[in-house]
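Student: predicted model and sequence below, questions to follow.
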Amino acid sequence: MATRHAEVTRETKETRISVGLTLDTREDIEIDTGVPFFDHMLQAMSFHGGFKLVVKADGDIDVDPHHVVEDVGLVIGDCFSRILSDSTSLVRFGHGIVPMDDALSEAVVDAGGRPYLVYDADYPQAYSGGFQMALLAEFFWALSVRSRCNLHLLCRYGNNSHHMVEALFKALGIALGRSFSERTDATGMSTKGVI
Ligand SMILES: [Mn+2]
């Protein structure tokens, strides 16, 4: 199997982000966005998804981590989009459901070229450490639009926002990993012949 890899760098006045995405391995994952809680979540997504992310982000996080969190979503999305463009036989649909103590979270992905996000989470605590949970909506929107994937992300229940989000990132990793795995038969990704 050919190495399935994409690298994208994006630089604006607010942020400089570089992302490397390698499918089918989870060795040497490296995440450094300057936002520790966000690093922890991306690490969980990458590891449980079975794909290697290398993310380096510099940005105006002293103003607000908002720009970095959103822009990292854009660039990770760009990497998935490139792999989607290069692929003719992805499994395409993927699903993950993950518990973490009190919390249960679920993710369903269609890597079908049609971006759409459904995100339903009602967090009991607005922050985990210094990280504002509301920022995650920006990340998920950016990821969905730029990866051209349909993402359904549901935090079903939980008492602890950290657990709910961590379970969601693991579920999203699993769902993305499955969607972007290769079919062993080369029958294509859609009954329409194209996606
Ligand atoms: Mn944790």
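Tutor: Right, received. Where do you want to start?

Student: now the helices for this protein?
Tutor: Assignment of helices within the chain using DSSP state H yields the ranges 36-49, 66-86, 135-147, 161-179.

Student: buried deepest among the ones you listed, which one?
Tutor: Per-stretch averages of neighbours, counted by mean count of other CB atoms under 10 Å, single out helix 161-179 among these, with a mean of 25. (Glycine included, C-beta is placed from N, CA and C.)

Student: ok and that one relative to helix 36-49, angle-wise?
Tutor: Using axes from the mean of the first three to the mean of the last three CA atoms, to 10 degrees, one finds that helix 161-179 and helix 36-49 are set 40 degrees apart in direction.

Student: now do helix 161-179: distance to the chain's middle.
Tutor: 8 Å (CA atoms, centre = their mean, to the nearest Å).

Student: using PDB, write out every CA atom in it.
Tutor: Backbone C-alpha positions of helix 161-179 (Å, rounded to 0.1, in the frame of the first residue of the first chain) are rendered in PDB as follows:
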ATOM      1  CA  SER A 161     -17.000  18.500  30.300                       C
ATOM      2  CA  HIS A 162     -13.400  17.300  30.000                       C
ATOM      3  CA  HIS A 163     -14.600  13.700  29.900                       C
ATOM      4  CA  MET A 164     -17.400  14.500  27.300                       C
ATOM      5  CA  VAL A 165     -14.900  16.300  25.000                       C
ATOM      6  CA  GLU A 166     -12.200  13.700  25.400                       C
ATOM      7  CA  ALA A 167     -14.600  10.900  24.600                       C
ATOM      8  CA  LEU A 168     -15.800  12.900  21.600                       C
ATOM      9  CA  PHE A 169     -12.300  13.400  20.100                       C
ATOM     10  CA  LYS A 170     -11.600   9.700  20.500                       C
ATOM     11  CA  ALA A 171     -14.900   8.900  18.800                       C
ATOM     12  CA  LEU A 172     -14.100  11.300  16.000                       C
ATOM     13  CA  GLY A 173     -10.600   9.800  15.600                       C
ATOM     14  CA  ILE A 174     -12.100   6.300  15.300                       C
ATOM     15  CA  ALA A 175     -14.800   7.500  12.800                       C
ATOM     16  CA  LEU A 176     -12.300   9.400  10.700                       C
ATOM     17  CA  GLY A 177      -9.800   6.500  10.800                       C
ATOM     18  CA  ARG A 178     -12.400   4.100   9.600                       C
ATOM     19  CA  SER A 179     -13.800   6.500   6.900                       C
END
